[in-house]
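Asks: Structural data only, the sequence is not supplied:
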């Protein structure tokens, strides 16, 4: 069981993982940024505790830490318990989810390990918005995507906002970062058909992918879409049929529609 | 052409439509709330000017108002031009989209008029989050939904945040508000099959709807889902196949997946 430690001083140095979050993790690569994985709220903390990321500590109000007691059995980390006001002082803003957990990053799997056994993969390019990236992971988890390759120009999936918007699924769906050439080579080696989602694609070809054994969907950011380099490497270009006068769907929403369309038989 | 009027005083009474927006339209039903339709940014203002909502005025920086010149031909409203700082003083916050338009609300169509000629309709229940509601309208517009019935417990689609998140499509997709009984009766009269999207539904039945002439999808809010009353009234219960351990999709995302699944032949 986690070691419950009551704290009443917001300046307590043991709370360093959780201090001034709005500033500290804006630039995790800069001094003051710590590059930790942070989970907010019981649902997401639960997913963190079930993930490969080694937990470091929890900070929460008593009620929320109590809610997590079953998951904290056998977890040897301190759980700092305090009141909501002290917590707000530490964190730097009022956090209405009432509990946080910190974890260290873990090495990402190599592409062969990531792709072994996967049927559906998303390869993302230029998804530089943390909320869209988080939402993509949430949708991937829900709709049967087995792995995600975070390609060039993407934001950090483990940034706090991505973790939150993903509902913690970014901690659950295996992913690796890779350059375009490496990703394409890895997918081809593993026998994937590469399907680029693009407005110039074939609307009929999307549903046809449901019958293919191994499908990688290439998704670019809303607006610019996929690069010419990514489009050239795809085996097939597909699109979601869209009504006239509508620019596009949000990238996470387009991903959800495409993930569902290629999922194959209902599971 | 709109009458371009240069203003340099943030207190100018002619700018009342745009004053202190964060406070004024939080409660449009309360004193100080004006219940106007407000569009932000050139894309959304364009959609407002093409909509049935009678425009009242524009406020923007010169560059953005110039961008709209083609759409402002033949529109007889004042276009107040000022600098970004004055605009921020009027609005109450810095608005990086650079242009706003106000319009009056317009009477909603009755259900028979709304449903005449429609093939795909969304009936929403309990969607009380303005951003989810806006996103649903955006997805409806993109994926071939011809009309929306805003049922019991939903937020106001014409609230400023809904308009913004919808990218202005809430001004473009016809909608009406209705109680559940009225909505169901109207849909039955117009020959629609009523399909409730619910975790207890049949995953195979969703795609089968693509062959039906007239389909109404009943969507409830994330979390509670559809009420027992709504579920009882549906002809068929359908669901999106979802991976184990995932709670649910965001309601706007679930809507997008379902809209695409029932859309029928690629358009």
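Replies: Arrived safely, thanks for sending. Computed from a prediction, not measured in an experiment: that's the story for all the values here. Numbering: from 1, shown residues only, chains lettered A, B, ... in the order given.

Asks: Could you list the single helix or strand in chain A with the lowest mean pLDDT?
Replies: Confidence across the helices and strands of chain A bottoms out at helix A:21-24, with a mean of 75, counting by mean pLDDT, DSSP states H and E.

Asks: Against which helices or strands is the helix or strand just after it packed?
Replies: Once helix A:21-24 ends, the next helix or strand along the chain (criterion: DSSP states H and E) is strand A:37-40. On a contact count with 3 or more C-beta pairs under 8 Å, 6 or more residues apart in numbering or on different chains; DSSP states H and E, strand A:37-40 meets helix A:42-49, strand A:99-103, helix A:160-165. Using the backbone N, CA and C atoms, a C-beta is placed for each residue, glycine as well.

Asks: tell me the most buried of the ones you listed?
Replies: strand A:99-103 (a mean of 26; mean count of other C-beta atoms under 10 Å in any protein chain shown).

Asks: And for residue A:236, the neighbour number?
Replies: Residues contacting residue A:236 under the criterion other C-beta atoms under 10 Å in any protein chain shown number 16.

Asks: Repeat that for residue A:54.
Replies: Counted with other C-beta under 10 Å, the burial measure for residue A:54 works out to 11 neighbours.

Asks: State the distance from it to residue A:101.
Replies: When C-beta to C-beta, to the nearest Å is the yardstick, residue A:54 and residue A:101 sit 11 Å from each other.

Asks: ditto for residue A:86
Replies: Computed as C-beta to C-beta, the residue A:86 to residue A:101 distance reads 17 Å.

Asks: Also residue A:133?
Replies: When distances are taken as C-beta to C-beta, residue A:133 and residue A:101 turn out to be 20 Å apart.

Asks: So which bits of chain A are right by chain B?
Replies: Taking C-beta under 8 Å from any C-beta of the partner chain as the criterion, the neighbours of chain B within chain A are A:43, A:135, A:138-139, A:141-144, A:167, A:169, A:172, A:203-204, A:240-243, A:245-250, A:252-253, A:256-257, A:260-261, A:263, A:266-267.

Asks: Which among these count as buried?
Replies: A:135, A:138-139, A:141-144, A:167, A:169, A:172, A:240-243, A:246, A:248-250, A:252-253, A:256-257, A:260-261, A:263 (16 or more other C-beta atoms under 10 Å in any protein chain shown).

Asks: So what's the gap between stretch A:128-144 and the chain middle?
Replies: The gap between the average C-alpha position of stretch A:128-144 and the chain average comes to 6 Å, counting by C-alpha atoms, centre = their mean, to the nearest Å.

Asks: Same check on stretch A:230-243?
Replies: With C-alpha atoms, centre = their mean as the basis, stretch A:230-243 stands 24 Å off its chain's centre.

Asks: Rounded mean pLDDT for stretch A:68-88, please.
Replies: With pLDDT averaged residue by residue, stretch A:68-88 scores 94.

Asks: so where do the helices sit in the stretch 1-150 of chain A?
Replies: Counting by DSSP state H, counting those that start in this stretch, the stretch 1-150 of chain A has these helices, from start to end: A:21-24, A:42-49, A:62-67, A:69-72, A:84-91, A:111-115, A:130-142.

Asks: Kindly reformat those helices as a markdown table and extend each row with distance to residue B:80.
Replies: What follows is these, written out as a markdown table (distance: least, C-beta to C-beta, whole Å):
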| stretch | distance to residue B:80 |
| --- | --- |
| helix A:21-24 | 36 |
| helix A:42-49 | 45 |
| helix A:62-67 | 49 |
| helix A:69-72 | 57 |
| helix A:84-91 | 41 |
| helix A:111-115 | 55 |
| helix A:130-142 | 33 |
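
Asks: Buried deepest among the ones you listed, which one?
Replies: Looking across the helices of the stretch 1-150 of chain A with neighbours counted as mean count of other C-beta under 10 Å, the highest average goes to helix A:130-142: a mean of 26.

Asks: Against which helices or strands is that helix packed?
Replies: In terms of contacts (3+ C-beta pairs under 8 Å, 6+ apart), helix A:130-142 is packed against strand A:120-125, strand A:147-150, helix A:160-165, helix A:251-262.

Asks: please redo it, this time with the cut-off set to 6 Å
Replies: Packed against helix A:130-142, as judged by 3 or more C-beta pairs under 6 Å, 6 or more residues apart in numbering or on different chains; DSSP states H and E, are the following elements: helix A:160-165, helix A:251-262.

Asks: okay, those in JSON lines with mean pLDDT next?
Replies: As requested, the helices and strands packed on helix A:130-142 are exported to JSON lines (pLDDT from 0 to 100):
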{"stretch": "helix A:160-165", "mean pLDDT": "93"}
{"stretch": "helix A:251-262", "mean pLDDT": "96"}
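
Asks: which residues are in contact with the longest strand along chain A?
Replies: Longest strand in chain A, counting residues (DSSP state E): strand A:193-202. Outside strand A:193-202, the residues within contact range by C-beta atoms under 6 Å, 6 or more residues apart in numbering or on different chains are A:187, A:209, A:212, A:215-219, A:225-226, A:231, A:234-239, A:258.

Asks: again, only using 7 Å
Replies: Strand A:193-202 is contacted from outside by A:184, A:187, A:209, A:212, A:214-219, A:225-226, A:230-231, A:233-239, A:254, A:258, using C-beta atoms under 7 Å, 6 or more residues apart in numbering or on different chains.

Asks: what is the rounded mean pLDDT of that strand?
Replies: 94.

Asks: Double-check residue A:260 against residue B:242; I have them as touching.
Replies: No. Counting by C-beta atoms under 7 Å, residue A:260 does not reach residue B:242; the two are 9.7 Å apart.

Asks: Tell me how far the spatially most central residue of chain A lies from residue B:61.
Replies: In chain A, the centroid-proximal residue (C-alpha atoms, centre = their mean) is residue A:170; its distance is 2.7 Å. When C-beta to C-beta is the yardstick, residue A:170 and residue B:61 sit 39 Å from each other.

Asks: do the same with residue A:112
Replies: Between residue A:112 and residue B:61 the distance is 53 Å, computed by C-beta to C-beta.

Asks: so who does residue A:236 touch?
Replies: Residues in contact with residue A:236 (C-beta under 7 Å, 6+ apart) are A:193, A:195, A:205.

Asks: quick check, nearest of those residues to residue A:127?
Replies: Comparing the contacts of residue A:236 against residue A:127 with C-beta to C-beta places residue A:195 closest, at 16.8 Å.

Asks: Quick check: bridge partners of that closest one?
Replies: Partner residues in beta bridges with residue A:195: residue A:217, residue A:236, with DSSP bridges as the criterion.

Asks: Neighbours of it, how many?
Replies: 26.

Asks: what do you get for residue A:18?
Replies: 23.

Asks: wait, doesn't residue A:41 sit right on residue A:100?
Replies: No. Residue A:41 lies out of contact with residue A:100 (C-beta under 7 Å); the separation is 8.4 Å.

Asks: mind checking pLDDT for the closest residue to residue A:72 other than its chain neighbours?
Replies: Counting by C-beta to C-beta, 6 or more residues apart in numbering or on different chains, the nearest residue to residue A:72 once its immediate chain neighbours are dropped is residue A:2, at 4.1 Å. In the prediction, the pLDDT value recorded for residue A:2 is 82.
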